[in-house]
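S.K.: how would this look folded up:
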Amino acid sequence: MHVDFKSVVAAQSLLSGFIDKTALIPSHYLSQTLKNEVFLKLENTQPIGAFKIRGALNAVFNLPKRTKVVTCCSTGNHGRGIAYAANLAGIKAVIFMSSLVPQVKIDAIKSLGAKVILCGENQEDAEFACQQAVFENGFVDVSPFDDPYVIAGQGTIGLEILDQKPDINSIVLPLSGGGLAAGVALAVKEIKPKIKVFGVTMENGAAMHVSIKNGKPTEVVETASLADALGGGIGSDNKYTFSICEKFLDDTFTVSENEIYHAMQTLYYEDRIIAEGSCVVGIAALLSKKIPSVSGPIATVITGRNVNMSMYTDIINGRDIELGNSIIKGHTYKRDVK
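M.R.: Modelled structure (predicted):
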């Protein structure tokens, strides 16, 4: 299947009634700080608490009619979306995950009736086990990002943003395997060719960022991060997202764990919004002035709220955070604007 603007429009029609058209709200604090209008697309308010429901539903609703078991490899929210969609479709779901995935996301997937299988210490290990199950058991796999129906489903966010505020001039997106970035970028640039679309990810294990810089899919070492949902490779045989992101993204940037920590605090204290570390990388990039100066309104997508609340509470209260073998030094929240 080819992924194009018509695919995104078809996904929007199919998903109508199953997902929420989420709010696009102004962030008065970020607008004041950046001296430009900044809007937040609240995908954290979706039924599963994350944008991944869009791509998951579109993919599951387009599975072959005789499908009995759907599977995937996931860092959390895609697996939750597949489990949710499988329930609606009346089929079974088996989700493969690595040991890096927070327990809160594992428990959430199990609560939707899916079977969770933990494999290895990174996404590559989990993906290998998933593909083995496809070969041996005949499961139907839905990639968390490199699937045409997933990309089209995520792209519906872009259609909504421009419908809600047509004068948006730039969109800043969390960047992982590229399903969200690819879908949104190809959709909005069809409507508004001069709009700027940027991808942001964490400094370590930034597979798509590194791949675009290298001009080809590139393996990276996966490490623990506050933005855990952005971890994992893009696959050496990437079929869709790499080429689409390379073509349609204007640039990609990385942010540090300290910058993510501060952005989580900022979103909570200034906009009263709870979000995962992976969801605030756009805010982190804006606050750290890594995004080039652009005129006109900016939108960023708050992609999910499925955070480990114990860790989140520590961040909000300025405590140290242990991540793998490293410690993120805590600090009390301070405004960027005096």
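
S.K.: looking only at pLDDT, what's the mean for stretch 94-111?
M.R.: Mean pLDDT, computed over stretch 94-111, is 89.

S.K.: End to end on that stretch, go ahead and measure it.
M.R.: Start-to-end span of stretch 94-111 (CA to CA, to the nearest Å) is 13 Å.

S.K.: Provide a list of residues in contact with the closest residue in space to Ile234 that isn't next to it in sequence.
M.R.: Of all residues not flanking Ile234 in the chain, Ala207 sits nearest, at 4.8 Å (CB to CB, 6 or more residues apart in numbering). For the C-beta atoms, the positions are set from N, CA and C on the backbone; glycine is no exception. Counting by CB atoms under 8 Å, 6 or more residues apart in numbering, Ala207 makes contact with 176-177, 218-220, 232-234.

S.K.: Report the separation between Ala207 and Ser176.
M.R.: The span separating Ala207 from Ser176 equals 8 Å under the rule CB to CB, to the nearest Å.

S.K.: repeat for Glu257
M.R.: Glu257 is 16 Å from Ser176, where distance means CB to CB.

S.K.: and for stretch 26-42, what are the contacting residues?
M.R.: By CB under 8 Å, 6+ apart, stretch 26-42 touches 22-25, 157, 160-161, 165, 168, 266, 270-271, 273, 283, 286-287, 294-302, 335-337.

S.K.: and what of stretch 63-70?
M.R.: Contacts of stretch 63-70 (CB under 8 Å, 6+ apart): 60, 82, 85-86, 89, 91-94, 137-142.

S.K.: tell me which residues in that stretch are buried?
M.R.: For stretch 63-70, burial by neighbour count (16 or more other CB atoms under 10 Å) applies to 63, 69-70.

S.K.: Sitting in strands, which of the residues you listed do you find?
M.R.: 69-70 (DSSP state E).

S.K.: how about the strands in the stretch 151-300 of the chain?
M.R.: Secondary structure of the stretch 151-300 of the chain (DSSP state E, counting those that start in this stretch): strands at 170-174, 196-202, 251-255, 298-302.

S.K.: could you redo those as a markdown table and give each row mean pLDDT and distance to Asp146?
M.R.: Output for the strands of the stretch 151-300 of the chain, formatted as a markdown table (pLDDT from 0 to 100; distance: least, CB to CB, whole Å):
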| stretch | mean pLDDT | distance to Asp146 |
| --- | --- | --- |
| strand 170-174 | 98 | 16 |
| strand 196-202 | 97 | 15 |
| strand 251-255 | 97 | 17 |
| strand 298-302 | 98 | 19 |
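
S.K.: among the ones you listed, which is nearest Thr241?
M.R.: Across the strands of the stretch 151-300 of the chain, Thr241 has its closest neighbour in strand 196-202 (10.7 Å, CB to CB).

S.K.: So which elements touch the closest one?
M.R.: When contacts are defined as 3 or more CB pairs under 8 Å, 6 or more residues apart in numbering; DSSP states H and E, strand 196-202 packs onto strand 170-174, helix 179-191, helix 207-214, strand 251-255, helix 281-287.

S.K.: Note down every partner strand of the fourth one and its orientation.
M.R.: Strand 251-255 has these partner strands in its sheet, going by DSSP bridges: strand 196-202 (parallel).

S.K.: Also the first one?
M.R.: When sheet partners are counted by DSSP bridges, strand 170-174 sits next to strand 196-202 (parallel), strand 298-302 (parallel).

S.K.: which outside residues touch stretch 261-269?
M.R.: Against stretch 261-269 from outside (CB under 8 Å, 6+ apart): 29-30, 226, 255, 273-275, 277, 280-281, 283-284, 287, 302, 312, 315-316, 318, 321, 328, 330-331, 333, 336.
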